[in-house]
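Trainee: sequence unknown, structure follows:
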């Protein structure tokens, strides 16, 4: 992070405690972490407790004056509010404070813009940002129209309103372009997803709060069990270190693990309290890896005192994505930081582990494969030699328990998905004598 150096923008944080949040102070701490993740230096924090939101200024007029004076004293260059502001609130606050005003949504968009690396992530962030900006342009129209005439035609409108109309049209046109580009990319992603589905290899998605350790788990699995050791993902101790959903094929092997039980593992963008709905919509095609998964692995930073609230946020976001009914394993990561001994600790559907050191990795893989391969059945079949493609399919997508080349064809005894056993049932009528 670049906070504290000469390149950092100095910001004042402002929060409104309505008494409805379980831990308002933690929400403000998280806002501070978000500001730092956006390369900003927090020089002051000011809060107000009130029973309602001020429609014009979000906070009370007296608190606005206090924030203005405080911003001058601490040398703030921007003011960041803890919740989403309406277009009119943002406009009014900007006038009264005499400084650029941001809200939590805008701040998260800034972080996403910094973190976006792939073409798809950059397009998704740009689309979300423009969707955020558009109503705020429209909300300024009345104010800008006072700069010129009052006629009804476009030619008679004020210069400010004319400029606003042009900006709005440009933004709407660009949003249409972005939607088309993202749709093309989504079709390519959908094609890859269908290929993975056809392979019968189970799909597992890592989900959880940002910075819980999802990318660490992904990288440790790729290092030990991946088909390409170089395909690791960015792993940093920061909020929203990765935005791209990465999918890797994991092929467990070694003592205590059954071989030929591969699964696809996807690392998804992290969730956070008050994650803007527009971002969820913009990243929906990417987050569909969650919706189409056979199993969700929820990663929790159990060393964070607020981990239960973070679990609730994750559950709500997963439900919003339409994935609330998918089976789930809970990984209590960073358990070593809690002073917990005797790691890993495993019980049904849960594991306490320390991913950074690889402690519990084998046990986690065992939990995953036991869950996603519970629909496995054993089958014996005799395949004619001209059906070698079916034999190759089972070699790649099943556990081959026995194999013989006989006069009548290729004999296989396999542990496979029950759907595959049903599909090739005609080859399971094996004569008693050969």
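Mentor: Cool, got the structure. Worth saying up front: this structure is predicted, and the values here are computed from it rather than measured.

Trainee: which SS class is residue 331?
Mentor: Classification of residue 331 by DSSP: H, G, I helix; E, B strand; the rest coil places it in strand.

Trainee: Check residue 221 too.
Mentor: When classified by three-state DSSP, residue 221 comes out as helix.

Trainee: wait, doesn't it sit right on residue 369?
Mentor: No: taking CB atoms under 8 Å as the definition, residue 221 is not a contact partner of residue 369, at 11.7 Å. From N, CA and C alone the C-beta is placed, and that goes for glycine too.

Trainee: So for the two, which sits in the more crowded spot?
Mentor: Neighbours were counted for residue 221 and for residue 369 using other CB atoms under 10 Å; residue 221 has more, 26 against 21.

Trainee: Quick check: that one vs residue 267, distance?
Mentor: Residue 221 sits 10 Å away from residue 267, taking CB to CB, to the nearest Å as the criterion.

Trainee: Please identify every residue contacting each of these two.
Mentor: Shared contacts of residue 221 and residue 267, defined by CB atoms under 8 Å, 6 or more residues apart in numbering, are found at residue 248.

Trainee: What residues sit buried inside the longest helix seen in the chain?
Mentor: Ordering each helix of the chain by length in residues (DSSP state H) puts helix 159-198 first. Neighbour counts over helix 159-198 (16 or more other CB atoms under 10 Å) mark 160-162, 164-165, 168, 171, 175, 178, 182, 185-186, 189, 193, 196 as buried.

Trainee: And for stretch 307-326?
Mentor: Across stretch 307-326, burial judged by 16+ other CB under 10 Å covers 307, 309, 310, 311, 313, 314, 317, 318, 321, 323, 326.

Trainee: pLDDT at the last one, what is it?
Mentor: This points to residue 326. Per-residue confidence (pLDDT) for residue 326: 94.

Trainee: Leaving out chain neighbours, which residue sits closest to it?
Mentor: In space, and not counting its chain neighbours, residue 326 is closest to residue 296: 5.2 Å by CB to CB, 6 or more residues apart in numbering.

Trainee: Over to the fifth one?
Mentor: Leaving aside its sequence neighbours, residue 313 sits nearest to residue 273 (CB to CB, 6+ apart; 5.3 Å).

Trainee: And for the second one?
Mentor: Residue nearest to residue 309 in three dimensions, not counting chain neighbours: residue 22, with 6.3 Å by CB to CB, 6+ apart.

Trainee: Just give me the neighbour total for residue 330.
Mentor: For residue 330, the neighbour count with other CB under 10 Å is 19.

Trainee: Return the residues in contact with it.
Mentor: By CB under 8 Å, 6+ apart, the contact set of residue 330 is 298, 300, 349, 350, 351.

Trainee: What helices and strands are in contact with the helix or strand hosting residue 311?
Mentor: Here residue 311, judged by DSSP states H and E, is contained in helix 307-320. The helices and strands touching helix 307-320, judged by 3 or more CB pairs under 8 Å, 6 or more residues apart in numbering; DSSP states H and E, are strand 203-208, strand 295-301.
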